[in-house]
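1. what follows is a predicted protein model with its sequence.
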Amino acid sequence: MGNGTEEDYNFVFKVVLIGESGVGKTNLLSRFTRNEFSHDSRTTIGVEFSTRTVMLGTAAIKAQIWDTAGLERYYRGAVGALLVFDLTKHQTYTVVERWLKELYDHAEATIVVMLVGNKSDLSQAREVPTDEARMFAENNGLLFLETSALDSTNVELAFETVLKEIFAKVSKQRQNSMRPNAITLGSAQAGQEPGPGEKRSCCINL
């Protein structure tokens, strides 16, 4: 699969970063993929993406992280999402539900979503209580972490937790499809793309 590139990987997982402008998505992306942070916070116009390969056990996972600036067409094919709000600005948290709905309208039903309260280094300016955000995440079946792109707190953990969760789903799906007579993927034969009209909410697209 490496076809002459400098790195080999077993899987490519597309993960999107969504949330209001100014919550720190670009810095979460650059901190995770390049270990960089920029105080010059320009608004992302269009889309940016970076990749980083991580090892999960013996599997090399190439994470393709997209900072979408809310462009729905980039949600397609995503198997993970970080829904980011700024814990010092309550307004960025109140619209989380709208972002979630938009994501589910355009992405796979099986997408792994983590709610991320960013800027935990500014705890004295906090406007969103940890418990409130955690409760919202639990009620909506989301993972949850608070991060700081500035001082790196939980940034690695956030991305790696999402990637592990995706990997667990993919591994389970592959095991099922290798089981004799197992009915998987909602299609006539395991491993085939479901045809038109067939149920595909069980599947994970890579």
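-> Perfect, thanks for sending it.
2. hey, let's count contacts and neighbours off CA atoms from now on
-> Fine.
3. so the residue nearest in space to the middle of the chain is in which element?
-> With distances taken as Cα atoms, centre = their mean, Ala81 lies nearest the centre of the chain, 2.4 Å away. Ala81 is located in strand 80-86, with elements delineated by DSSP states H and E.
4. what of Leu29?
-> Under the assignment here (DSSP H and E), Leu29 is part of helix 25-34.
5. for that helix, which residues meet the burial criterion?
-> Lys25, Thr26, Asn27, Leu28, Leu29, Ser30, Arg31, Phe32, Thr33 (16 or more other Cα atoms under 10 Å).
6. pLDDT below threshold where in the protein?
-> Counting by pLDDT under 70, the chain has low-confidence residues at 1-7, 41, 45, 179-206.
7. rewinding a little: what residues are up against the residue nearest to the centre of the chain?
-> Contacts for Ala81 (Cα atoms under 8 Å, 6 or more residues apart in numbering) come out as Val15, Val16, Leu17, Ile18, Ile111, Val112, Val113, Met114, Val162.
8. could you measure from it over to Glu132?
-> Distance check for Ala81 against Glu132: by Cα to Cα, to the nearest Å, it reads 20 Å.
9. repeat that for Glu97.
-> To Glu132, Glu97 is 13 Å away according to Cα to Cα.
10. quick one: which of these two has more around it?
-> Neighbour comparison, Glu97 and Glu132: the larger count goes to Glu97, with 13 against 9 (by other Cα atoms under 10 Å).
11. give me the buried positions along the helix or strand harbouring the more buried one.
-> Assignment of secondary structure by DSSP H and E places Glu97 within helix 96-106. The neighbour-count check on helix 96-106 (16+ other Cα under 10 Å) flags Val96, Trp99, Leu100, Leu103 as buried.
12. which strands and helices sit next to that helix?
-> In this structure, helix 96-106 makes packing contacts with strand 80-86, judged by 3 or more Cα pairs under 8 Å, 6 or more residues apart in numbering; DSSP states H and E.
13. strand partners (parallel or antiparallel) of the strand it packs on?
-> Using DSSP bridges, the strands paired with strand 80-86 are strand 11-18 (parallel), strand 112-118 (parallel).
14. can you state the direction angle for the longest helix seen in the chain and strand 112-118?
-> The residue-count maximum for a helix in the chain (DSSP state H) belongs to helix 155-178. Helix 155-178 and strand 112-118 meet at an angle of 180 degrees, taking axes from the mean of the first three to the mean of the last three Cα atoms, to 10 degrees as the criterion.
15. so how far is helix 155-178 from its chain's centroid?
-> Helix 155-178 sits 11 Å away from the centroid of its parent chain (Cα atoms, centre = their mean, to the nearest Å).
16. equivalent analysis for stretch 25-32, please.
-> Centre to centre, stretch against its chain (Cα atoms, centre = their mean), the figure for stretch 25-32 is 13 Å.
17. picking up where we left off before, return the distance of the strand holding Ala81 from the chain's centre.
-> 7 Å.
18. swap in stretch 29-42?
-> Once both centres are worked out by Cα atoms, centre = their mean, stretch 29-42 turns out to sit 17 Å from its chain's centre.
19. go on, stretch 18-34?
-> Between the centre of stretch 18-34 and the centre of its host chain there is 12 Å, according to Cα atoms, centre = their mean.
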